[in-house]
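> Turn this into a structure:
(2 chains)
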Amino acid sequence: MVSGLSNECLTQQENGMKTVEHLIEIRDIGKEYQIADSKVDAIRKMDFYVDDGDFVGIMGQSGSGKSTLLSILGGLNHPSRGEVLVDTLDVYALNSEQRADFRSEYIGIIFQSFQLISYLTVLENVKMPMAITGIAAKEQNRMAREVLAKVGLLAKADRLPDQLSGGEQERVAIARAIVNRPPILLADEPTGNLDSETADEIMRLLQQLNEEEGLTIIMVTHNAENCGYAGRTLVVKDGECMTH
Amino acid sequence: MAYDFEKYRDKREKVLGVKKRSISFGALAAFVSLAIVFGLSVVIIPRSIAFFQMRHLKDVIYKLPVESSLSEAGLAQLRQYEGVRNVAVDGQGSRIIITFNHSEVDPQKFSTFFHSQGVSAVLLNQVGHSERMQTLKKEAEFEAL
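Residues are numbered from 1 along each chain as shown, chains lettered A, B, ... in the order given. Presented below is the predicted three-dimensional model:
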């Protein structure tokens, strides 16, 4: 019996999960890439946490390691060392099938370039992440329409992405990212391709999702104004977290 | 917000495989395999049983002369032969078809029997029982057209 641990902690340990105090805990991660004969430290050392319902901005110059960090957080890029714990799960100790389920259940991702499928309608694009979930088609339609209403695009559900503005395409990408109701939304430069007015709209939408839906958002950006919407900002420089 | 271990229990259990998302691939594969095996068994097993039941059976077809016929008593006597499974007479009473187990009875005995009854029956054909059944079935299908 380990003294000082609650019953909950003991249950977590018995099930092979880690004892945590925050929804996301990044413990001493590092990431090295081998390029030809030399090693590049994309992430030297990072150690931080994100609580449930936080809106965290990650700021840094190009090449500072912020996108690498985001891909590691999303279960897409194995760190060279350290642990990524999400909801007690050691993400990189999971097998590949479990990690795919982890991404499906916990993570929604939006990209700077939207990554919409051009020959599918808005509704079909939003339904894409549900294709492998086993949710009935009727329920998929209902969920997709509900989330499109949330981002203000229900009226354009049958349009193709090319028939939408950049801001609307980003809204579709957000709808697609949250349709499976993941608790965590990762945003990689979500306003990078938008004019400042549309960027503000998107940032307000993200803020609304954070405040009203309780969505935990981790947003990578090099725009200091965007970080004004976040509750907390981490600055990444040369593969290290400078401000916490 | 303080960390709540219970909040995402459902998601965590899905990831760890405690709670199944839907039918697993293994279960689906087993179900499809069983369906195939069941389907095949429905077709193959009855045929196999029929084959094993009929593999020793043969039919001999005798033609009776116009002026003579075999009495009911004679037919009954024929049915009593060891190894004889069935004796049938066609609608005109001109042909007798005897189904028998060729491992139990020598068909030569039938000719001897007819001779003893004073009936000059002529052996028209001797075929496997199942083969004759197939022929009759095909003829019936052809006539139905």
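
> Count the neighbours of residue A:228 for me.
11 (other Cβ atoms under 10 Å in any protein chain shown). For every residue, glycine as well, the C-beta is placed using N, CA and C.

> May I have the phi/psi pair for it?
Main-chain dihedrals, residue A:228, degrees, to the nearest 10: phi -60, psi -30.

> how far out from the middle of the chain is stretch B:38-50?
How far stretch B:38-50 lies from its chain's middle: 10 Å, per Cα atoms, centre = their mean, to the nearest Å.

> Quickly find the element holding the residue most central in space within chain B.
Geometric centre of chain B, nearest residue: residue B:50, 3.0 Å, by Cα atoms, centre = their mean. Assignment of secondary structure by DSSP states H and E places residue B:50 within helix B:25-54.

> follow-up on the earlier one: what's the closest non-adjacent residue to the residue nearest to the centre of chain B?
In space, and not counting its chain neighbours, residue B:50 is closest to residue B:130: 7.3 Å by Cβ to Cβ, 6 or more residues apart in numbering or on different chains.

> burial count for the one you found?
For residue B:130, using other Cβ under 10 Å, the count is 16.

> Checking it next. Helix, strand or coil?
What DSSP: H, G, I helix; E, B strand; the rest coil gives for residue B:130 is helix.

> Please report how far it lies from residue A:25.
Plainly put, residue B:130 is 75 Å away from residue A:25 if you go by Cβ to Cβ, to the nearest Å.

> can you list contacts of the longest helix seen in chain A?
If you go by DSSP state H, chain A has its longest helix at helix A:196-213. The list of residues contacting helix A:196-213 from outside it, by Cβ atoms under 8 Å, 6 or more residues apart in numbering or on different chains, reads A:53, A:55, A:150-151, A:165-167, A:170-171, A:174, A:178, A:185, A:187, A:190-191, A:194, A:215-217, A:219, A:223, A:226, A:229, A:231.

> 6 Å instead?
A:55, A:167, A:170, A:190-191, A:215, A:217, A:226, A:229 (Cβ atoms under 6 Å, 6 or more residues apart in numbering or on different chains).

> closest to residue B:145 among the residues you listed?
For these, the closest approach to residue B:145 (Cβ to Cβ) belongs to residue A:170, at 68.5 Å.

> Check which residues of stretch A:33-49 are buried.
Neighbour-count burial for stretch A:33-49, counted by 16 or more other Cβ atoms under 10 Å in any protein chain shown, picks out A:42-43, A:46, A:48-49.

> Need the residues that contact that stretch.
By Cβ under 6 Å, 6+ apart, the residues outside stretch A:33-49 that reach it are A:22, A:25-26, A:28-32, A:65, A:68, A:239-241, A:244.

> Buried ones from the residues you listed, can you make that a ChimeraX selection?
Typed into ChimeraX, the next command selects the buried ones out of the contacts of stretch A:33-49 (criterion: 16+ other Cβ under 10 Å):
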select /A:22,25,26,29,30,31,65,68,239,240,241
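
> Would you format the contacts of stretch A:33-49 as CSV with distance to chain B and secondary structure included?
Listed next are the contacts of stretch A:33-49 as CSV, based on distance: Cβ to the nearest Cβ, whole Å; DSSP: H, G, I helix; E, B strand; the rest coil:
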residue, distance to chain B, secondary structure
A:22, 5, coil
A:25, 9, strand
A:26, 15, strand
A:28, 20, strand
A:29, 19, strand
A:30, 25, strand
A:31, 23, strand
A:32, 27, strand
A:65, 26, coil
A:68, 23, helix
A:239, 27, coil
A:240, 25, strand
A:241, 20, strand
A:244, 18, coil
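
> Which strand or helix spans residue A:108?
For residue A:108, the element it lies in under DSSP H and E is strand A:107-110.

> try residue A:145
Here residue A:145 sits within helix A:137-150, counting by DSSP H and E.

> For that helix, output the C-alpha coordinates as CSV.
The C-alpha trace of helix A:137-150 is given here as CSV (Å, rounded to 0.1, in the frame of the first residue of the first chain):
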residue,chain,number,x,y,z
ALA,A,137,-25.8,7.4,-40.7
LYS,A,138,-28.9,9.2,-39.4
GLU,A,139,-27.2,10.2,-36.2
GLN,A,140,-24.1,11.3,-38.2
ASN,A,141,-26.2,13.7,-40.2
ARG,A,142,-27.9,15.0,-37.0
MET,A,143,-24.5,15.6,-35.3
ALA,A,144,-22.9,17.2,-38.4
ARG,A,145,-25.9,19.6,-38.8
GLU,A,146,-25.8,20.4,-35.1
VAL,A,147,-22.1,21.4,-35.3
LEU,A,148,-22.6,23.3,-38.5
ALA,A,149,-25.3,25.3,-36.8
LYS,A,150,-22.9,26.0,-34.0
